[in-house]
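Student: Following is a predicted model, sequence given first.
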Amino acid sequence: MEALSGQLEKVTYYNEISGFTVARLMTKDGGVPVTVVGPLMNPRPGEVLHLEGEWQQHAAYGRQFRVSSFKIGYPTTEKSIRSYLGSGHIKGIGPEMATRIVARFGRRTLAVIEADIQRLQEVKGIGTKRMAQIREAWSQHRDLREIMLFLQVHELPTGHAARILQTYGDKAVAVLRGNPYRLADDIQGIGFKTADRMARQLDFDPTAPARVEAGVLHLLGADAEKGHVYCPRPELEKEVTELLGVDNALASAAIDRLAKKKRLVLDSRAAPPTASVYQASLHHNEVSVARHLLRLQHDQGGLSPLDADQALAWVQPHLGLELAAQQKKAVAASLDANVLVITGGPGTGKTTIIKAILALQNRRQARIHLTAPTGRAAKRMAETTGSRATTIHRLLEFSFQKGGFQRNPDRPLVTDLVIVDEASMIDIRLMDHLLGALPSSARLILVGDIDQLPSVGPGNVLRDIIACGCFPVATLTEIYRQARSSAIIVNAHRVNAGDMPGLKNDSADNDFFFITREDPEQALETVVHLVAERIPKGFGLDPVRDIQVLSPMHRGLVGASNLNRVLQARLNPSDQELVRGAYTLRLNDKVMQVRNNYDKEVYNGDIGFVVRIDLAAATVGILFEGREVAYDTSELDEIVLAYAVSVHKSQGSEFPAVVVPVLTQHYVLLQRNLLYTAITRGRRLVVIVGTSKALALAVKNASPRRRYTALERRLRRPEVNDAAG
């Protein structure tokens, strides 16, 4: 082991979970900066590091010092103190203010802050308000270092220290020692596996009830992320024993205890012959959705039926068009059905049907609400229908301050008809909230494409409603004349039917292209070239705002994660940046929200652009649909780069152009509905880059993974909803 000391000059890379860091250190002798790599603790420019490790020669990056252990010291020179205070980790102090403070107090600056922080008001620009902000930030900074030291001593990941401090305050260490599994419940971003690593380091009993119960809840949560609403009990018990290394009796006992605590529901009637294990909230959601749908179906109030022949005779000349046979049936069904599903692919006339329904119901002054799961889908619905449309969250008046959806069974919507577009995206939770806010007199029309990917969240709601046979369904299959000229639409329907798309690129007005690339590195280069140069030049599209790369998966050379790094470097080489976890966030970056944030009114899948990075305030401003939303730097784990996104995350959105890498490396996720969904996201242009073999694998794979959901049975057998088994 060798020792190395110096001042941290720049952090090139930092992983918040593992602590792995690549940084530049200026040694005490003032020579050439050296590269240090290894686990560090929330490294900040300006800190003094005392390292132990060994020198290594990296094949690509040259001589590096690999860190085995370290100690952190406060900076001592005026230059290093300015760098330390101005790096953005103390709210209220940016680079300019750090310069002023150090100019006033010199090398005694940190001692003054620690012992007599009130003296900072001697510096111009620090008044009462900023003083309070700096005092609070310094106190949190000191507490954070103490927690991080505890985590470091026990070889635990230090990246979650800020959230641990925010949640537990000065009791944080006591919580960690007493029951580290509370972290998985209480702190977003810390899962069971992280908590379990902490527990092992703290010598927690591996057979302790708290550990087994946490494992059960973790597995059910993981199942929900895969789309399942419940898990069969034998399967869950097997998963628990395999994950935790405990016997089946302990797993079974933990499930029973959690059921007694009402955190789980055991339902033997939902999906016999075995008992189904639900998270309590998901069981409530599924039962509630079934009851609400049946309630709406059987109500006799509300809008009176209209004569279909008379209605069609009026609406067609009113709109200036002749409806096809399938469209006429759909419009006629809407005139007397309390719950109706309209499903079909692109170009089959769903929007035309909605326009006809709106014209007929507006004629008699019905109260109508149009809605969709995402902001982009609602905006497109408004543009295509010419009527106002909102997100479901906005329709139901979600308020973080008031504690949830303000439109609910106690205060339902004042409406006669609700039309929901992109209904395949709605999971069981959101559908429960929507249906609960509908009065029994209201009619509901669900419009969607059943062949697209199911919702990101748990459930397969639209498919279950169609499959149960309890409600009228208008299925549209005919591609109308205007759409037949689009190779995008034609090929989408070919894929959906199990046929290979047309791969000839010989038409000047073609909007669908296939570029063969066998090698992943060549495919990556081609995708970047298409986005950065070829498509913008050939079609006059903005490479960031108009072109979206859709990848079947996150990992790999042509996965979304690596594509984002490469495309960011090519499209946005801005020097205004903030290093956050495993990636660098830059001014003007294209980003996506990956969790619902009800407080900010920004939801999973929303795309925005970074318009402000304020190191002094430790905040980032992101523009979503014309509205700037402020994020504290500790909240940025909700944000990812979005030059490339997964196909799942693109649901409900359309883009002028999409580029889709499809290679055999993606075989695990190559499914027909995934390819179909990707193709239907493109409005003017779709380019697929990859191999015909991978494309064929996707087209042939028409067996999407089964989701455990009992909604279909609950709709067919209402008695199943009466009580848990």
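Tutor: Good, I have the coordinates. Numbers count the residues shown, from 1 in each chain.
Student: CA atoms for contacts and neighbours, from now on please.
Tutor: Fine.
Student: what ranges do the helices span in the stretch 351-500 of the chain?
Tutor: 375-385, 392-395, 428-436, 461-467, 481-484, 487-496 (DSSP state H, counting those that start in this stretch).
Student: okay if I get those as a markdown table plus distance to residue 190, mean neighbour count and mean pLDDT?
Tutor: Converted to a markdown table, these look like this (distance: least, Cα to Cα, whole Å; neighbours: other Cα atoms under 10 Å; pLDDT from 0 to 100):
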| stretch | distance to residue 190 | mean neighbour count | mean pLDDT |
| --- | --- | --- | --- |
| helix 375-385 | 28 | 19 | 90 |
| helix 392-395 | 26 | 21 | 94 |
| helix 428-436 | 22 | 23 | 97 |
| helix 461-467 | 29 | 21 | 97 |
| helix 481-484 | 47 | 12 | 68 |
| helix 487-496 | 39 | 22 | 93 |
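Student: right, so of those, which gets closest to residue 368?
Tutor: helix 392-395 (11.7 Å; Cα to Cα).
Student: what's in contact with the closest one?
Tutor: 371-374, 405, 434 (Cα atoms under 8 Å, 6 or more residues apart in numbering).
Student: again, only using 10 Å
Tutor: 369-375, 378, 389, 398-399, 404-407, 413, 420, 426, 430-431, 433-434, 437, 598, 601, 603 (Cα atoms under 10 Å, 6 or more residues apart in numbering).
Student: Report the buried members of those.
Tutor: In the contacts of helix 392-395, burial by neighbour count holds for 369-375, 378, 389, 398-399, 404-407, 413, 420, 426, 430-431, 433-434, 437, 603, counting by 16 or more other Cα atoms under 10 Å.
Student: Restricted to strands, list the residues you listed.
Tutor: Of the buried ones among the contacts of helix 392-395, the ones assigned to strands by DSSP state E are 369-372, 389, 398-399, 404-405, 420.
Student: is it possible to export those to a markdown table including distance to residue 82 and pLDDT?
Tutor: As requested, those are exported to a markdown table (distance: Cα to Cα, whole Å; pLDDT from 0 to 100):
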| residue | distance to residue 82 | pLDDT |
| --- | --- | --- |
| 369 | 56 | 98 |
| 370 | 55 | 98 |
| 371 | 52 | 97 |
| 372 | 50 | 95 |
| 389 | 51 | 96 |
| 398 | 44 | 90 |
| 399 | 42 | 86 |
| 404 | 44 | 88 |
| 405 | 47 | 92 |
| 420 | 55 | 98 |
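Student: Which residue would you name as the spatial centre of this structure?
Tutor: When Cα atoms, centre = their mean is applied to the chain, the residue found nearest the centroid is residue 594 (2.3 Å).
Student: Could you verify my assumption that that one touches residue 607?
Tutor: Yes: Residue 594 is in contact with residue 607 according to Cα atoms under 10 Å; the separation is 9.5 Å.
Student: Identify the contacts common to those two.
Tutor: 639-640.
Student: give me the low-pLDDT residue ranges for the stretch 51-200 of the chain?
Tutor: Low-confidence segments of the stretch 51-200 of the chain (pLDDT under 70): 89, 152-162.
Student: Let me know the secondary structure of residue 301.
Tutor: Here residue 301 is recorded as coil under DSSP: H, G, I helix; E, B strand; the rest coil.
Student: Report the separation between it and residue 440.
Tutor: In this view, residue 301 and residue 440 are 8 Å apart by Cα to Cα, to the nearest Å.
Student: So these two - more neighbours on which side?
Tutor: residue 440 (22 against 12; other Cα atoms under 10 Å).
Student: Do me a favour and get the end-to-end distance for stretch 114-134?
Tutor: With Cα to Cα as the measure, the ends of stretch 114-134 fall 12 Å from one another.
Student: how near is residue 241 to residue 351?
Tutor: 50 Å.
Student: Neighbour count: the two, which is higher?
Tutor: residue 241 (19 against 16).
Student: got a list of what the more buried one touches?
Tutor: Residue 241 is in contact with 212, 215-216, 247-252, counting by Cα under 10 Å, 6+ apart.
Student: Are we agreed that it is in a helix?
Tutor: Yes: assessed with three-state DSSP, residue 241 lies in a helix.
Student: coming back round to it: show me the contacts for the residue nearest to the centre of the chain.
Tutor: Residue 594 sits in contact with 602-607, 637-640, 649, where contact means Cα under 10 Å, 6+ apart.
Student: Pick out the most distant pair among the residues you listed.
Tutor: Farthest pair in the contacts of residue 594, by Cα to Cα: 637 and 649, 16.3 Å.
Student: where does the stretch 451-600 of the chain dip in pLDDT?
Tutor: Judged by pLDDT under 70, the stretches of the stretch 451-600 of the chain that qualify are 481-482, 505-509, 580-583.
Student: How are the strands of it distributed by residue range?
Tutor: Here the stretch 451-600 of the chain has its strands, by DSSP state E, counting those that start in this stretch, at 473-476, 512-516, 547-551, 577-580, 583-586, 590-593.
Student: Indicate which one of those strands is closest to residue 696.
Tutor: strand 512-516 (12.8 Å).
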